[in-house]
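J.: Sequence plus the predicted model coming up.
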Amino acid sequence: MADTEALRSWVETITGFTAIWLNQNTPRPARPYATLHIMNQRQVGQPYTGPITALGVATIQAQYEITVSIQIYGSSTAADPRTAINAAYALRQSLDRPSVRESLGIAGWAFRAEEQIADVPEMMDSTWEPRAFFDAVFGMTVE
């Protein structure tokens, strides 16, 4: 399996926000922060089976597509209410950089596609919390 820590690190590096995996039983960090959630994983095509060795062992490689949902939670006290959407845009745009694709590739992740970025602020008590999210599709090979 690809290194999931590399995805979390990528989000933190680009946004400058703490990034956590969604649905942990731990306290949420102070805003602004980001969450990641692996939404689904599906095998693409049939796995490749290599030749069987003299020891009766064969290498099997399968391609998968994984959808990762990334949510940005902005600060309701920030002067600019677009902090969340701007961070989401910066994160998505970073996937066009060869250096980002290379570092994710080394960790086993190949960027394939993304869904639209959505600006979804939410009313929290009596203030608006800036929020934005998008889903990114990555490919990986499991051996």
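T.: Cool, the structure landed.
J.: tell me the average confidence for the single longest strand found in the chain?
T.: Across the chain, the longest stretch assigned as strand under DSSP state E is strand 33-49. Strand 33-49 carries an average pLDDT of 93.
J.: Adjacent strands (with direction) for it?
T.: Applying DSSP bridges to the sheet, strand 33-49 is found paired with strand 18-21 (parallel), strand 60-73 (antiparallel).
J.: Please enumerate the helices of the protein.
T.: Counting by DSSP state H, the chain has helices at residues 4-15, 83-94, 98-106.
J.: Deepest in the core, which of the ones you listed is it.
T.: helix 83-94 (a mean of 20; mean count of other CB atoms under 10 Å). (Glycine included, C-beta is placed from N, CA and C.)
J.: quick one: furthest residue from the center of the protein?
T.: When distances to the mean C-alpha position of the chain are computed (CA atoms, centre = their mean), the maximum falls on residue 54, with 40.8 Å.
J.: How about the backbone phi and psi for the nearest residue to residue 81 once chain neighbours are set aside?
T.: Excluding its sequence neighbours, the residue lying closest to residue 81 (CB to CB, 6 or more residues apart in numbering) is residue 130, at 5.2 Å. Taking degrees, to the nearest 10, you get phi -70, psi 130 for the backbone angles of residue 130.
J.: what sits opposite the most centrally placed residue in the chain in the beta ladder?
T.: Nearest residue to the geometric centre of the chain (CA atoms, centre = their mean): residue 68, 4.6 Å. Residue 68 has the following beta-bridge partners by DSSP bridges: residue 38, residue 136.
J.: that older thread, can you convert the strands paired with strand 33-49 into CSV and add a column each for mean pLDDT and distance to residue 7?
T.: As requested, those are exported to CSV (pLDDT from 0 to 100; distance: least, CB to CB, whole Å):
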stretch, mean pLDDT, distance to residue 7
strand 18-21, 95, 8
strand 60-73, 95, 6
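J.: what would those look like in JSON lines with distance to residue 109?
T.: Compiled in JSON lines, the strands paired with strand 33-49 are given as follows (distance: least, CB to CB, whole Å):
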{"stretch": "strand 18-21", "distance to residue 109": "15"}
{"stretch": "strand 60-73", "distance to residue 109": "8"}
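J.: ok now do the residue nearest to residue 133 when sequence neighbours are not counted, which residues does it touch?
T.: Among residues not flanking residue 133 along the chain, residue 71 sits closest, at 4.2 Å (CB to CB, 6+ apart). Residue 71 makes contact with 22, 34-35, 37, 131-133, according to CB atoms under 8 Å, 6 or more residues apart in numbering.
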